[in-house]
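K.L.:
Compute the structure for the input listed below.
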Amino acid sequence: MQTIQDVMSKEVQYVGPTDTLRRAAELMEQFNVGALPVLDGDALVGMITDRDIVVRSIAKGKDPESDRVGNVMSPEAFTCHAGQSVDEVLAAMGDQQIRRVPVIDQASHKVVGMVALGDLAQSQSGNVDRPCATSRRVENMNGSRWRRAYSASGCAPGAAFTNAGSSTQLA
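P.N.:
Next up, the predicted model:
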């Protein structure tokens, strides 16, 4: 069983609640991330995303040079721990509709990593190298009928959609 420890990013960039939104945005750009944990000392107090900055501050005319992370962050943060299974965390992320999760050490309660949907998808890529076993019909918005092949664990890259005798190969 693969655990979060196996797939998490261990070098965590973070901001504090008193940092400016500009500082948060600069870190996001520098490290090519869309979310940062917000730490007050060692304690996780929330998460801030690029969307939080845009929607909760910039769109309201606030100045990112003076507006603070604590004013726009999400104070509730879904977390996981390093020993949890990838499948368990992936399911929880789907249920909560979140893309990035801080990884917390169970003993110290400190942030020890981050895991993103991309990390989990990459770890699960070995499960999709099987041919598709079943199919079902799907109707798209313009009424065309498409047939999509599925299997319990997903389809191999290159699985085909078919429409009226033609097929489209997925890369």
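
K.L.:
Could you report the distance from the most centrally placed residue in the chain to residue 44?
P.N.:
With distances taken as Cα atoms, centre = their mean, the chain has residue 99 as the residue nearest its mean C-alpha position (2.0 Å). Counting by Cβ to Cβ, to the nearest Å, the gap between residue 99 and residue 44 amounts to 17 Å. For every residue, glycine as well, the C-beta is placed using N, CA and C.

K.L.:
before we move on, what about residue 1?
P.N.:
Applying Cβ to Cβ to residue 1 and residue 44 gives a distance of 26 Å.

K.L.:
Would you mark the buried spots in stretch 35-50?
P.N.:
Counting neighbours by 16 or more other Cβ atoms under 10 Å, one finds that the buried residues in stretch 35-50 are 35-39, 44-49.

K.L.:
ugh, wrong one, I meant stretch 90-105
P.N.:
For stretch 90-105, the neighbour count (16+ other Cβ under 10 Å) marks 90, 93, 98, 100-104 as buried.

K.L.:
closest to residue 29 among these?
P.N.:
Within these, the smallest distance to residue 29 is 16.0 Å, found for residue 100 (Cβ to Cβ).

K.L.:
just checking, the closest one touches residue 35?
P.N.:
Yes - with contacts counted by Cβ atoms under 8 Å, residue 100 reaches residue 35, the gap being 4.4 Å.

K.L.:
Find the residues that touch each one of these two.
P.N.:
Where contact means Cβ atoms under 8 Å, 6 or more residues apart in numbering, the residues bridging residue 100 and residue 35 through contact with each are 47, 49.

K.L.:
Is residue 45 in a helix, a strand, or coil?
P.N.:
The three-state label for residue 45, taken from DSSP: H, G, I helix; E, B strand; the rest coil, comes out as strand.
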